[in-house]
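*Asks:* Based on what follows, work out the 3D shape:
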Amino acid sequence: MTWKTLDDLDLAGRIVLTRVDINVPVEDGRVTDATRIERIVPTVKDILAKGGRPVLLAHFGRPKGKVVPEMSLRQVVPALEAALGQPVAFLEAPDRAALEALPAGSVALLENTRFDPGEEKNDPDLARSYAALGDVYCNDAFSAAHRAHATTEGLAHLLPCCAGRLMEAELKALEAALGNPERPVLAVVGGAKVSTKLDLLGNLVEKVDMLVIGGGMANTFLAAEGVDVAKSLCEHDLGETARDILARARAAGCEVILPTDVVVAEQFAANADNTTVAVTAVPADTMILDAGPQSVARVRDAIDRARTLIWNGPLGAFEIEPFDAATNAAATHAAERSAEGALVSVAGGGDTVAALNRAGAAEKFSYISTAGGAFLEWMEGKTLPGVAALEQG
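*Replies:* This is a model prediction of the structure:
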């Protein structure tokens, strides 16, 4: 990796255009979850400590290139000020003179970058207009790095650039997980549908040593191998694709771990009557809703053998009890191994974060990514424009 960090650039007296992701949930004009805001605080504080003037660039919602008052970033200012512990100047249409006039130690936030149609088009003229406002570009928005927009990609080519602390942590974690990992590497991939993770699975079987497939997508692989999954969620039309992925795994020496026993019920409901059966004995009137204890034991064994773990997606219907048991048990075991220093564990994706939080395991994982799409695309082996631009800068 050739990108620079905040430690590699002289920021004293310089305006630092800092791309962040503070696209937070808002109700009645108030931020209801400030997690993303809190995660940019180290970057802003470090820029200030180095004598720089952070000017924050961010999007909010999907205004589609138009000014939508309900999507103004003005409404996040109170939460931003609370997180930073200082006032934040909000500027709708800034110029260089206005930014230079702000007192030393100030933090400024510019209006929603997506109000301009040129943002999502990566318009060179818009990127140049932003570049004229500052001296340095810092990208701290990994979660938007899979988008080639003016403030995530174009701007990086026009100013000295670096990664912010959150971006730096994310890239180091992903490098440790897939770039140059300690082996053996185990990937746990779950979720409802194989169709949403074809690229991910195809990339992973050639990079990891063990692959656990869980959740609804496991049913598709089981069916592809001739197992009758009864009424379970299953993409039967992807049988050939599933068999191809399994063949590629065998060719690459990747051990694929599918459920051998499962928890089934007649209805998808909390605390529904359920039973545990072998995958070859799923009753015709039931659906598979979780992996069984024998399968969990195999996952735990894989975690014990692994030195690096990448996790994306639950092993069952984790949202409702008791079908969260497999996910909770595996996540707790991975967390314990991580806390002991025996495992580097990196997890990401919306359902994944929710599942690990529900299991009480998230805090002990080595790194939890909240990036969603960017995390998935990185795992799929795709080039992220926002990261590539930093490496060229």
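*Asks:* Every contact and neighbour count from this point should use C-alpha atoms.
*Replies:* Fine.
*Asks:* list the contacts for Arg96?
*Replies:* Contact partners of Arg96, counting by Cα atoms under 8 Å, 6 or more residues apart in numbering, are 132-134.
*Asks:* got it, and Gly214?
*Replies:* Counting by Cα under 8 Å, 6+ apart, Gly214 has contacts 188-191, 258-259, 291, 313-316.
*Asks:* right, and out of those, which lies closest to Glu380?
*Replies:* Val189 (12.1 Å; Cα to Cα).
*Asks:* Considering the contacts of Gly214, which possesses the most neighbours?
*Replies:* Neighbour count (other Cα atoms under 10 Å) singles out Leu315 as the most crowded of the contacts of Gly214, with 33 neighbours.
*Asks:* thought it was touching Ala291?
*Replies:* Yes - using Cα atoms under 8 Å, Leu315 is in contact with Ala291, at 6.6 Å.
*Asks:* Now do stretch 138-157: distance to the chain's middle.
*Replies:* Relative to its parent chain, stretch 138-157 has a centroid offset of 15 Å by Cα atoms, centre = their mean, to the nearest Å.
*Asks:* which stretches of this protein aren't confidently modelled?
*Replies:* In the predicted model of the chain, residues 1, 393 satisfy pLDDT under 70.
*Asks:* what about Leu17, which SS state?
*Replies:* Classification of Leu17 using DSSP: H, G, I helix; E, B strand; the rest coil returns strand.
*Asks:* Tell me where the stretch 201-350 of the chain has helices.
*Replies:* Using DSSP state H, counting those that start in this stretch, the helices assigned to the stretch 201-350 of the chain run over residues 215-224, 239-252, 293-305, 325-339, 350-358.
*Asks:* From the contact counts, what lies against the fourth one?
*Replies:* For helix 325-339, the helices and strands in contact under the criterion 3 or more Cα pairs under 8 Å, 6 or more residues apart in numbering; DSSP states H and E are strand 287-291, helix 293-305, strand 344-348, helix 350-358.
*Asks:* Swap in 7 Å and give it another go.
*Replies:* helix 293-305 (3 or more Cα pairs under 7 Å, 6 or more residues apart in numbering; DSSP states H and E).
*Asks:* thinking again about what came up before, hey, what's in contact with both of Leu315 and Ala291?
*Replies:* Common neighbours of Leu315 and Ala291 are listed as Ala326 (criterion: Cα atoms under 7 Å, 6 or more residues apart in numbering).
*Asks:* Could you measure from Lys97 over to Gly386?
*Replies:* In this structure residue 97 is Ala, not Lys. Separation of Ala97 from Gly386 (Cα to Cα, to the nearest Å): 28 Å.
*Asks:* Give me the more crowded residue out of these two.
*Replies:* Neighbour tally, Ala97 and Gly386, criterion other Cα under 10 Å: the higher count belongs to Gly386, 28 against 9.
*Asks:* I am finished for the moment; much appreciated.
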